Structure formats: structure tokens, C-alpha cells
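> sequence first, predicted coordinates after that:
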Amino acid sequence: MIDLHCHLLPGIDDGPETIEGSLLLARAAVAVGIDTMVATPHVSSRYRNDPDTIARLVGELSARLAAAGVALEVRPGAEIAMTRLAEIEPSELARFGLGGGPWLLVEPPFTEVATGLDRAVIELQRHGHRVLLAHPERCQAFHRDPRMLAALVRDGVLTSITAGSLVGRFGNRVRRFALQLVQDELVHNVSSDAHGHDRRRPGIAAELEQAGMGELCEWLTEAVPAAILSGGEIPPRPAGAPDRARWGPRAWRRGR
């Protein structure tokens with residue numbers, strides 16, 4: 001599996017504080033079937049990371065992984081807060097692409113109002129960037145107005161939800177909304193958003209299976225992320241939908 005969203009690099013955000021912690025997280029990822037992780041440290045007002053620092057740490061960690069015999073490929077990326085987009089120079093912004101490609105992982109705010117979110121995304125696309133939205137199921141603005149998210153997807157935006165959301169780790173409301181997004185075909189990738197080996201652990205496949213989405217696992221965790229990293233065409237979602245009955249009727253209730 002390819003994990004497009006994780007906080008693996010040491011001492012750079014709210015992920016592991018040391019490279020030893022990064023190694024433990026990497027081993028935990030390999031143990032659950034992940035063979036490629038895109039390191040996506042926060043780029044925000046709190047964590048003002050830059051592409052050179054990210055690339056350096058990816059190189060250092062990759063060397064340590066190879067020396068330790070950990071079979072994990074690490075690629076550079078970033079989770080860019082929407083509020084930082086306007087502050088980043090265009091030439092620098094392109095260097096935050098996932099795996100060095102054209103896709104940017106953009107983090108929407110967690111607030112109930114996200115004024116200008118759709119305009120900011122459209123502006124990115126106008127400048128040639130492709131946009132993958134991080135954990136939209138946890139964005140309260142999308143809870144209030146799911147049509148905004150649907151419109152963005154129609155315009156070419158992809159979404160990456162967190163595996164833990166599907167099994168209630170962020171609360172039942174987030175779980176219900178995540179499952180609704182899957183049913184509405186508004187989800188294109190599931191990632192771990194891991195932050196450590198002992199908290200926010202890496203995990204994707206087990207959560208998909210628990211949520212009754214095992215038949216979509218290959219598309220969500222291999223086919224789509226491989227296309228994102230290569231800059232290729234996104235493969236169509238496999239025919240058929242997950243068995244709604246396995247999730248139960250309560251999962252499909254909208255609202256608070």
C-alpha cells in the first residue's frame with residue numbers, strides 16, 4: 001500500500017520528535033502492509049516548513065531505514081494549510097508536491113466556516129496545481145455544506161480521508177459523514193495520517209475491512225495514489241459500491 005498522508009519526519013511538526021521515533025513509526029507501517037509513505041509534515045502558521053528541510057530529512061531518514069533493513073520507501077510531500085497558501089511563493093509551492101509530482105495535499109480548516117476555501121482551490125488549479133484535500137470528513141464547513149465539496153470534486157479535486165475516521169476514532173459524526181462521502185463517490189484515497197508508533201498509529205487496510213470497504217482497498221491505497229505520485233491519469237472507481245447494510249442504517253444519518 002501507498003500512504004499519501006503521514007507525519008513521519010523527525011522534529012519538524014507534531015509527529016515523532018526524533019529519528020528513532022520515525023524508525024519505530026516506519027516499522028509499524030511496514031507491519032501493516034504499507035511499503036511507501038509520503039512524508040507530509042504540516043506547512044502552517046505554526047510549522048513553517050520549507051521544501052529544502054523536508055527533502056533533507058527524507059534523505060536522512062531513507063538512509064537510516066536502508067541501514068536498518070526497513071523496507072519502506074519514503075517520498076517527500078507536505079500538508080499545506082489553506083491559510084498558508086497565499087503566503088507561499090508560486091515557485092516554492094510547486095516543490096511541495098506529493099512525491100515531487102503535481103498534486104498538492106491541502107488541509108482545509110476545521111472550523112464551521114471556511115470562507116474562500118473553494119476560491120483558493122480553484123486558484124491553485126488555475127495555476128496548474130492539482131489538489132488533494134486532506135481529511136475533508138473532519139472539516140466542519142463541509143459538514144454544513146457538503147455541496148461545496150461535491151462541486152470541488154466535479155471540478156477535478158480529489159479527496160483523501162483518514163482511515164481512523166471510518167471506524168469512529170474521531171467521533172460518530174465524523175464516521176457517519178466519512179461513510180456518506182464514500183457512498184456518494186466523493187472519496188478517492190484513504191491514508192493513515194499517522195503521527196507516531198504509539199499514538200495515531202499507521203493503519204489503513206484493517207480499518208477499510210472493518211468498515212466493509214475491503215473491495216475498494218486496492219483502488220484507494222494502490223491504484224489512485226500510484227497515479228497521483230506519477231502524475232498519471234486517475235483510474236476510475238471499480239464498479240459497485242460497498243455494502244451499505246454492513247455499516248448499518250445509523251451510519252447514513254446526516255446532521256449533527
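Cool, got the structure.
> tell me where this protein has helices.
Counting by DSSP state H, the chain forms helices over residues 19-31, 51-68, 90-94, 117-126, 140-144, 146-154, 172-183, 205-210, 217-218, 224-230, 244-247, given from the N-terminal end onward.
> pLDDT below threshold where in the protein?
When the per-residue scores of the chain are filtered using pLDDT under 70, the ranges that remain are 240-256.
> as a quick check, tell me the outermost residue of it.
For the chain, the largest distance from the centre (C-alpha atoms, centre = their mean) belongs to Ala67, which lies 27.9 Å off.
> picking that back up, with Ile12 as the reference, name the closest of the helices of the chain.
Comparing the helices of the chain by their distance to Ile12 (C-beta to C-beta), the top pick is helix 51-68, with 6.3 Å. Heads up, the C-betas are built off the backbone N, CA and C, glycines and all.
> any chance you could list what contacts the closest one?
When contacts are defined by C-beta atoms under 8 Å, 6 or more residues apart in numbering, helix 51-68 is touched by residues 8-10, 12, 19, 22-23, 26, 39, 41, 72-78, 92, 95-96.
> just the buried ones from those?
8-10, 12, 19, 22-23, 26, 39, 41, 72, 74-78, 95-96 (16 or more other C-beta atoms under 10 Å).
> sorry, back to before: quick check: the residue farthest from the centre of the chain vs Asp35, distance?
From Ala67 across to Asp35, the span is 18 Å (C-beta to C-beta, to the nearest Å).
> same thing with Val113?
When C-beta to C-beta is the yardstick, Val113 and Asp35 sit 39 Å from each other.
> and for Met148?
In this structure, Met148 and Asp35 are 35 Å apart, going by C-beta to C-beta.
> same drill for these two, tell me which one is more crowded.
Neighbour comparison, Met148 and Asp35: the larger count goes to Met148, with 18 against 13 (by other C-beta atoms under 10 Å).
> and the closest residue to that one other than its chain neighbours, what does it touch?
Among residues not flanking Met148 along the chain, Asp118 sits closest, at 5.8 Å (C-beta to C-beta, 6 or more residues apart in numbering). Applying C-beta under 8 Å, 6+ apart, we find Asp118 in contact with Met148, Ala151, Leu152.
> CSV for the residues you listed, including distance to Ala194?
What follows is the contacts of Asp118, written out as CSV (distance: C-beta to C-beta, whole Å):
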residue, distance to Ala194
Met148, 28
Ala151, 30
Leu152, 25
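> tell me the one among these nearest to Leu85.
Proximity of those to Leu85 (C-beta to C-beta) peaks at Leu152, which lies at 14.6 Å.
> that closest one: neighbouring residues, count only.
Applying the criterion other C-beta under 10 Å, we find 23 residues in the vicinity of Leu152.
> now it: how far from Cys139?
Taken as C-beta to C-beta, the spacing of Leu152 relative to Cys139 amounts to 11 Å.
> cool, Glu87 as well?
Counting by C-beta to C-beta, the gap between Glu87 and Cys139 amounts to 21 Å.
> tell me which of these two has more neighbours.
More neighbours sit around Cys139 than around the other of Glu87 and Cys139, counting by other C-beta under 10 Å; the figures are 24 against 12.
> quick one, what contacts the more buried one?
Contact partners of Cys139, counting by C-beta under 8 Å, 6+ apart, are Pro108, Pro109, Phe110, Ala114.
> how about 6 Å then?
With contact set as C-beta atoms under 6 Å, 6 or more residues apart in numbering, Cys139 has these partners: Pro108.
> what do you get for the one 5 residues further on?
Arg144 makes contact with Glu112 under the criterion C-beta under 6 Å, 6+ apart.
> can we see that at 8 Å?
Here Arg144 is in contact with Glu112, Val113 (C-beta under 8 Å, 6+ apart).
> ok, now how distant is it from Pro109?
Counting by C-beta to C-beta - Arg144 and Pro109 are separated by 12 Å.
> how many other residues sit next to Glu137?
Other residues near Glu137 come to 27 when the count uses other C-beta under 10 Å.
> that one touches Ala163, doesn't it?
No. Counting by C-beta atoms under 8 Å, Glu137 stays clear of Ala163, with 10.9 Å between them.
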